[in-house]
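> generate a structure from the sequence data that follows.
(2 chains)
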Amino acid sequence: MSKETKPSVELRIPILKDMELVATNTADVIAKYMELSDEASGEISMALIEATINAFEHSESQKDIFINFTISDDELTIKVIDKGKGFDSEGIQIPDIDSKLKKQERKRGWGVMLIKELMDSVDYESGNDGTTLTMTKKKKNE
Amino acid sequence: MSKIISTEEHNNFLIVKTEGYFNKDLGELVISLVEENVKENKYHFILDLEQSKIVNSIGASILIEVIEILQEKDGSLSLCHMAPIIEKTFSIMGLTKYCNTFKSLEEAVAQ
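Prediction:
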């Protein structure tokens, strides 16, 4: 498959309530096609939910977001693309529940941490014209 | 649609069963229910997630607020019937450090 065009699925998602579930439904179908484990499928769905919500919220844009799934023999690559103003993923503090409970802190802000924990690789490219999150899940031989 | 499908008192616990995506809306329904019951001196809750197979971090963050409310009253939040990805998500967030977790409702009630 490596020298051929890899199969891909593209979604265009409007910024509407719960539309992140469109992405997870698609991911479920792709995970089954790739014969990924239920555990890997769940992790992909959770990471996609967080990535899509972040794209909705951080882009500060009413433009649709785009999600591209690329299937290869050994991994699934997902790109979540928004056309917002961009953000600094390195500047995001790692959340800590102990301090959130003790210091009356804002309780939210878990998305990037969850994505990094659940996926095998995560990369952000961000600029004034938007953000592209690229994340991969490797197919493990089980 | 995300909703609370039932509430039931059992021993010292209020059992809350939810259905659907555990998002901001469902989280807000749960915290409102907890706040109402705390006013009536009920401080121990079991959240049965058997019919909620998917969550987002906003819904989970509201559970942190629930824990905060209950900690002030020496109360408790127990979780049961969590789907594996929900349990993993709550574990990554550290939420399970502050909750009792059970495989079944029967185990949660018998704690």
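> contacts and neighbour counts: CA atoms only from here.
Noted.
> helix, strand, or coil at the residue nearest the centre of chain B?
Among the residues of chain B, B:Leu47 comes closest to the average C-alpha position under Cα atoms, centre = their mean, at 3.4 Å. Following DSSP: H, G, I helix; E, B strand; the rest coil, the label given to B:Leu47 is strand.
> who's in contact with it?
B:15-18, B:77-80 (Cα atoms under 8 Å, 6 or more residues apart in numbering or on different chains).
> now name the helix or strand holding the closest residue to B:Thr96 other than its chain neighbours.
Distance criterion Cα to Cα, 6 or more residues apart in numbering or on different chains; nearest residue to B:Thr96, sequence neighbours excluded, is B:Phe90 at 5.9 Å. In this structure, B:Phe90 sits in helix B:84-93 according to DSSP states H and E.
> the top helix by length along chain A vs chain B: in contact?
The helix that spans the most residues within chain A, counting by DSSP state H, is helix A:38-58. Yes - counting by Cα under 8 Å from any Cα of the partner chain, chain B has neighbours in helix A:38-58: A:39, A:42-43, A:46, A:49-50.
> for stretch A:98-113, same thing?
Yes - judged by Cα under 8 Å from any Cα, stretch A:98-113 and chain B are in contact via A:101, A:107-108, A:110-111.
> who wins on neighbours among the residues you listed?
A:Trp110 (23 neighbours; other Cα atoms under 10 Å in any protein chain shown).
> which parts of the chain are helices?
No chain in the question, so chain A it is. Ranges of helices in chain A, per DSSP H, are A:20-33, A:38-58, A:97-102, A:111-118.
> not quite, I wanted chain B
Using DSSP H, helices in chain B cover B:24-39, B:57-71, B:84-93, B:105-109.
> hmm, back to that, make CSV out of the contacts of B:Leu47 and add neighbour count.
Shown next, in CSV, are these (neighbours: other Cα atoms under 10 Å in any protein chain shown):
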residue, neighbour count
B:Ile15, 22
B:Val16, 20
B:Lys17, 20
B:Thr18, 24
B:Leu77, 21
B:Ser78, 22
B:Leu79, 23
B:Cys80, 22
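> nearest to A:Ala23 among these?
Minimum distance to A:Ala23 across these is 22.8 Å, recorded for B:Thr18 (Cα to Cα).
> quick one: which of the residues of helix A:38-58 next to chain B is most hemmed in?
Going by other Cα under 10 Å, A:Met46 tops those with 27 neighbours.
> the helices of chain B: which one's closest to A:Val122?
Of all the helices of chain B, helix B:84-93 comes closest under Cα to Cα, at 16.6 Å.
> any idea of the mean pLDDT for that closest one?
Mean per-residue pLDDT for helix B:84-93: 97.
> that one: which residues count as buried?
Buried residues in helix B:84-93, counted by 16 or more other Cα atoms under 10 Å in any protein chain shown: B:85-90, B:92-93.
> what of stretch B:5-22?
Buried residues in stretch B:5-22, defined by neighbour count with 16+ other Cα under 10 Å: B:13-22.
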